[in-house]
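S.K.: take this sequence and fold it.
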Amino acid sequence: EKVVFDLPKTVDESFSDALKTIVIDKTTDSWEFWYGLLLNYHKDNGDVLVNTRYKVDGFNLGIWVSGQRYSQVKGQLSPERIQRLDNLGFIWDDVEHSWNKGYQYLKQYVIDNKDALVNYSYKVDGFKLGHWINEQKAKRSADKLSPERIQKLDEIGFIWHAKEYAWNKGYQYLKQYVIDNKDTLVNSSYKVDNYRLGHWAVTQRAERSKDRLSLERIQKLDELGFVWNVLDFNWNQGYQYLKQYIVDNGDVLVKGSYKIDGFKLGQWTSIQRSEKSKDRLSPERIQKLDELGFVWNNEEYAWNQGYQQLKQYVKDNGDALVPNRCKIDEYALGSWVGTQRQEKVKNILSSKRIQKLDELGFIWDSLEHAWNKGYQCLKQYVIDNKDALVNYSYKVDGFNLGRWVGSQRIARKSGKISTERITKLDDLGFVWKVK
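M.R.: Numbering: from 1, shown residues only. Here you go, the predicted model:
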């Protein structure tokens, strides 16, 4: 039986192998010899996909296998031999077989990983799937991939443009984030389904700043309300919360620990003061805060904070008689009130502050106030009872008038009561000595 082979063009080892194959293959017995080698290969490997350069015991089985394909195409291989090779699962079109093998590996990869984003260096069972995928992209771009194969790849979600796919994947995750969180302020370390959405968002900002983000992508992100400058956004958010605070509270004296909707407004206001003192706050922002009556001076801020606490105390208690140790929400209001009295005595409290405190009914001399309160209670008692003989345990509106009366007697006896007060009590018919 005549079999035709194309010999290599150069005389080397491959030439010798090809010649040996041709010589041996001229007889039926030699075909059986090669077929026996192929049977052994099938037994050892489970298939007959013999590489062209494969040798066994010095015989190039790969070239012989290629010869069978060539002979079959030329009609020079008997039906019996074709059948015997078919029984081994002989691959007559190794190119088609290789493509289908890659396709099946990719199909399984998609099932296992939920996407077709295969790394270029990825292998499976020794098959270079990543390399195979790149070949499909190259062939399509060169218009050398059949419509049938393109369709089959499209059906399993083949990624023709990996970068475009990766961007759209991040965009879809961001879109869902906006639905769930009502904003696009993704933390840089944020992940969802092990996808680094925070990193993706940071990348978009960086790409735009370098003028490398397309107008189409910018527009799509803008439609989601994407925040391109997080620092500006945070500042404006704080500014809006401060405006709302003023509407709700009537002042800009935000406590350092104050939060609104989880936003640390107290901390934000402190930062603005610090930034201005370091000359790092823009004139525009200073002007916007000034328009709200923002308090830049820390001492002024502290005083106004105490004033607001006192104002609330008066509202809640009906007077400005704050006990020395009084604290409200950990704020030492009693101590602050004492400081105002001391500063007035030292003549270092401004007239403006004195006026504001007077408007609240501030008690500058708490001892004087307490004495006058007792005196007024006694005066009313005399009107009601026609005498000043108050029982020691007598109280009026919670005030222990009986004890106060007793303290006046003790004060006179020890010489610690003024002539003016003695005269005022005498005018009421005060009884200094009780039998």
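S.K.: and the particular helix or strand that has Ser407 in it, what does it pack against?
M.R.: Per DSSP states H and E, Ser407 falls inside helix 401-413. In terms of contacts (3 or more CB pairs under 8 Å, 6 or more residues apart in numbering; DSSP states H and E), helix 401-413 is packed against helix 366-385, helix 419-426. For the C-beta atoms, the positions are set from N, CA and C on the backbone; glycine is no exception.
S.K.: which one, of those helices, ends up nearest to Ile133?
M.R.: Closest to Ile133 of the helices and strands packed on helix 401-413, according to CB to CB: helix 366-385, at 86.0 Å.
S.K.: is Lys107 in a helix, a strand, or coil?
M.R.: Counting by DSSP: H, G, I helix; E, B strand; the rest coil, the backbone at Lys107 sits in helix.
S.K.: any idea how far the nearest residue to it once chain neighbours are set aside lies from Lys255?
M.R.: For Lys107, ignoring the flanking residues on the chain, the nearest one in space by CB to CB, 6 or more residues apart in numbering is Ile156 at 5.4 Å. Plainly put, Ile156 is 59 Å away from Lys255 if you go by CB to CB, to the nearest Å.
S.K.: Gln244 - how many residues pack around it?
M.R.: Gln244: 13 surrounding residues under other CB atoms under 10 Å.
S.K.: what of Val390?
M.R.: 24.
S.K.: isn't it right up against Lys379?
M.R.: No - between Val390 and Lys379 there is no contact under CB atoms under 8 Å: 11.6 Å.
S.K.: just to revisit the earlier point, what is the rounded mean pLDDT of the helix holding Ser407?
M.R.: The average pLDDT within helix 401-413 is 95.
S.K.: quick one: buried residues of it?
M.R.: Residues Leu401, Gly402, Trp404, Val405, Gln408, Arg409, Arg412 are the ones in helix 401-413 that count as buried (16 or more other CB atoms under 10 Å).
S.K.: which regions of this structure sit below the pLDDT cut-off?
M.R.: The chain contains residues with pLDDT under 70 at 1-28.
S.K.: find the residue at the geometric middle of it.
M.R.: Taking CA atoms, centre = their mean, the centroid of the chain lies closest to Asn187, which sits 2.0 Å from it.
S.K.: and it, backbone torsions?
M.R.: The phi/psi pair for Asn187 (degrees, to the nearest 10) reads phi -60, psi 140.
S.K.: dump the residue contacts of it.
M.R.: By CB atoms under 8 Å, 6 or more residues apart in numbering, Asn187 lies in contact with Gly198.
S.K.: again with Val48
M.R.: Per CB under 8 Å, 6+ apart, neighbours of Val48: Leu38, Tyr41, His42, Val65, Leu85, Leu88, Gly89, Phe90, Ile91.
S.K.: can you list those residues in JSON lines and add secondary structure, neighbour count and distance to Lys373?
M.R.: Output for the contacts of Val48, formatted as JSON lines (DSSP: H, G, I helix; E, B strand; the rest coil; neighbours: other CB atoms under 10 Å; distance: CB to CB, whole Å):
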{"residue": "Leu38", "secondary structure": "helix", "neighbour count": "21", "distance to Lys373": "118"}
{"residue": "Tyr41", "secondary structure": "helix", "neighbour count": "20", "distance to Lys373": "114"}
{"residue": "His42", "secondary structure": "helix", "neighbour count": "17", "distance to Lys373": "114"}
{"residue": "Val65", "secondary structure": "helix", "neighbour count": "24", "distance to Lys373": "117"}
{"residue": "Leu85", "secondary structure": "helix", "neighbour count": "20", "distance to Lys373": "119"}
{"residue": "Leu88", "secondary structure": "coil", "neighbour count": "15", "distance to Lys373": "116"}
{"residue": "Gly89", "secondary structure": "coil", "neighbour count": "12", "distance to Lys373": "111"}
{"residue": "Phe90", "secondary structure": "coil", "neighbour count": "22", "distance to Lys373": "116"}
{"residue": "Ile91", "secondary structure": "coil", "neighbour count": "19", "distance to Lys373": "111"}
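S.K.: quick check, nearest of those residues to Gly75?
M.R.: Using CB to CB, these come closest to Gly75 at Leu85, 15.0 Å.
S.K.: which non-adjacent residue is nearest the closest one?
M.R.: Gln68 (6.3 Å).
S.K.: give the contact list for the one you found.
M.R.: Contact analysis of Gln68 by CB under 8 Å, 6+ apart lists Leu77, Arg81, Leu85, Phe90.
S.K.: the first one: neighbour count?
M.R.: Neighbour count of Leu77, defined by other CB under 10 Å: 19.
S.K.: do I have it right that it meets Gln83?
M.R.: No - counting by CB under 8 Å, Leu77 stays clear of Gln83, with 10.2 Å between them.
S.K.: what's the helix or strand for Gln136?
M.R.: helix 129-141.
S.K.: list the buried ones in that helix?
M.R.: In helix 129-141, counting by 16+ other CB under 10 Å, buried: Leu129, Gly130, Trp132, Ile133, Glu135, Gln136, Lys137, Arg140.
S.K.: for Gly402, give me its contacts.
M.R.: The contact partners of Gly402, taken as CB under 8 Å, 6+ apart, are Val390, Asn391, Tyr392, Ser393, Tyr394, Lys395.
S.K.: mind doing that once more with 10 Å?
M.R.: Going by CB atoms under 10 Å, 6 or more residues apart in numbering, Gly402 touches Tyr381, Val390, Asn391, Tyr392, Ser393, Tyr394, Lys395, Val396.
S.K.: can I get those in JSON lines including distance to Tyr245?
M.R.: Shown next, in JSON lines, are the contacts of Gly402 (distance: CB to CB, whole Å):
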{"residue": "Tyr381", "distance to Tyr245": "48"}
{"residue": "Val390", "distance to Tyr245": "50"}
{"residue": "Asn391", "distance to Tyr245": "52"}
{"residue": "Tyr392", "distance to Tyr245": "51"}
{"residue": "Ser393", "distance to Tyr245": "49"}
{"residue": "Tyr394", "distance to Tyr245": "48"}
{"residue": "Lys395", "distance to Tyr245": "43"}
{"residue": "Val396", "distance to Tyr245": "42"}
